[in-house]
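# for reference, the sequence and a predicted model appear below.
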Amino acid sequence: MSSIRENIQEIVKTLPAGVHLIAVSKTKPVEYIREAYEAGQRAFGENRPQELASKYPQLPSDIEWHMIGQLQEKNVKYIASFVKLIHSVDSLRLLQKIDREAVKNDRVIDCLLEFHIAAEESKSGLTLSEACDILGCDAFKALTHVRIVGVMGIATYTEDRDQIRKEFRELYRIFEQLKAEFFKQQESFKELSMGMSGDYRIAVEEGSTMVRIGSSIFGARVYK
C-alpha cells in the first residue's frame with residue numbers, strides 16, 4: 001500500500017505548472033495531515049467548519065486551509081480568523097456574513113463562487129444568471145472584506161468522461177464570462193477549482209487551477 005508521501009508525489013508529477021493541489025483532509029486525523037505536510041503539502045481542504053477549527057491549532061501555522069464544503073452562515077465565525085479560501089459561496093447572504101466576520105478579524109477573505117454544473121440535483125451551486133445578479137447588485141458592491149477570486153464546481157459522478165468534460169468546459173465558460181463582465185481589471189480573479197480524485201486529469205485539461213484530491217492521497221473516506 002502506497003504511503004501518503006508517495007501518493008502526493010505521484011499526483012504532483014501529473015500536474016502542470018500553475019495547478020495547485022488541495023489535499024482534502026476531511027474526516028482524516030491530524031496525524032495523516034502531518035504526514036502530508038512533511039511530504040511538502042501545504043494546502044488542505046475541509047468541509048466541516050468545526051472540524052477545521054479543531055485541527056487548525058494542532059498543526060503548523062503555514063498551512064493554507066481551504067473550506068470546500070457547504071458553509072452555513074452561523075458557522076463562518078469558526079474559520080474567519082484563518083481560512084485561506086472559501087470555495088463554496090452560493091449566496092449573497094453568505095457573502096455578507098463572511099464580510100462581517102472578516103471585518104471582526106481585520107482581514108479580507110478570498111472566496112470562490114460555486115456553480116451547479118452537474119446533472120445531479122443533489123449538487124448545490126449558483127446558475128450564471130444568479131451569479132450575475134449578485135455581482136451586479138449594490139449590496140455586493142458595498143462589501144469591503146471579501147474578494148471573489150474565481151469559481152468552483154463539482155462534476156456529475158459518472159463514468160461518462162464526455163459528460164464530465166462538458167461540465168468542466170461549461171464552468172470554464174462561466175469563469176471567462178464573469179472575468180470579462182465583472183473582473184476584467186482584477187488579476188486576482190484567476191482560480192478555477194474543479195477536479196477531484198476520479199476526474200482531476202480531465203479538469204486540468206479543461207483549465208482547472210486547483211484540484212481537490214482526497215481519497216487518492218489519504219485512502220477511502222472515514223465517516224464519523
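That came in fine, so what should we check first? All values reported here derive from a predicted model rather than from experimental measurement.

# which SS state does residue 86 fall under?
strand (DSSP: H, G, I helix; E, B strand; the rest coil).

# test my guess that it contacts residue 114.
No. Residue 86 is beyond contact range of residue 114, at 9.4 Å (criterion: C-beta atoms under 8 Å). Quick note: C-beta positions are derived from backbone N, CA and C, even for glycine.

# quick one, what contacts the residue positioned nearest the centre of the chain?
Ranked by distance to the mean C-alpha position of the chain (C-alpha atoms, centre = their mean), the top residue is residue 87 at 3.4 Å. Taking C-beta atoms under 8 Å, 6 or more residues apart in numbering, we find residue 87 in contact with 45, 66-68, 111-112, 114, 152, 193, 212.

# measure it to residue 127 for me?
Counting by C-beta to C-beta, to the nearest Å, the gap from residue 87 to residue 127 is 18 Å.

# repeat that for residue 201.
In terms of C-beta to C-beta, residue 201 sits 27 Å off from residue 127.

# next: residue 68.
The gap separating residue 68 from residue 127 is 20 Å, by C-beta to C-beta.

# looking at those two, which is more packed in?
residue 68 (27 against 12; other C-beta atoms under 10 Å).

# ok, that one - contacts?
Residue 68 neighbours (C-beta under 8 Å, 6+ apart): 22, 24, 26, 45-47, 87-88, 152, 193, 212.

# one more: residue 65?
Going by C-beta under 8 Å, 6+ apart, residue 65 touches 44, 46, 52, 56, 79, 82-84.

# tell me the pLDDT at it?
Note on residue 65: pLDDT of 98.

# can you confirm it is in a strand?
Yes. Counting by three-state DSSP, residue 65 is part of a strand.

# tell me the bridge partners for it.
Residue 65 has these beta-bridge partners by DSSP bridges: residue 44.

# that one and residue 151, how far apart?
Look at residue 65 and residue 151: by C-beta to C-beta, they are 20 Å apart.

# again with residue 58
Where residue 151 is concerned, residue 58 sits at a distance of 31 Å (C-beta to C-beta).

# next up, the contacts around residue 201.
14, 195.

# mind checking which helix or strand it is in?
helix 200-205 (DSSP states H and E).

# same deal with residue 106?
Using DSSP H and E, residue 106 falls within no helix or strand.

# do the same with residue 35
Going by DSSP H and E, residue 35 is in helix 30-38.

# which other helices and strands contact that helix?
Here helix 30-38 touches helix 4-13, helix 215-218, going by 3 or more C-beta pairs under 8 Å, 6 or more residues apart in numbering; DSSP states H and E.
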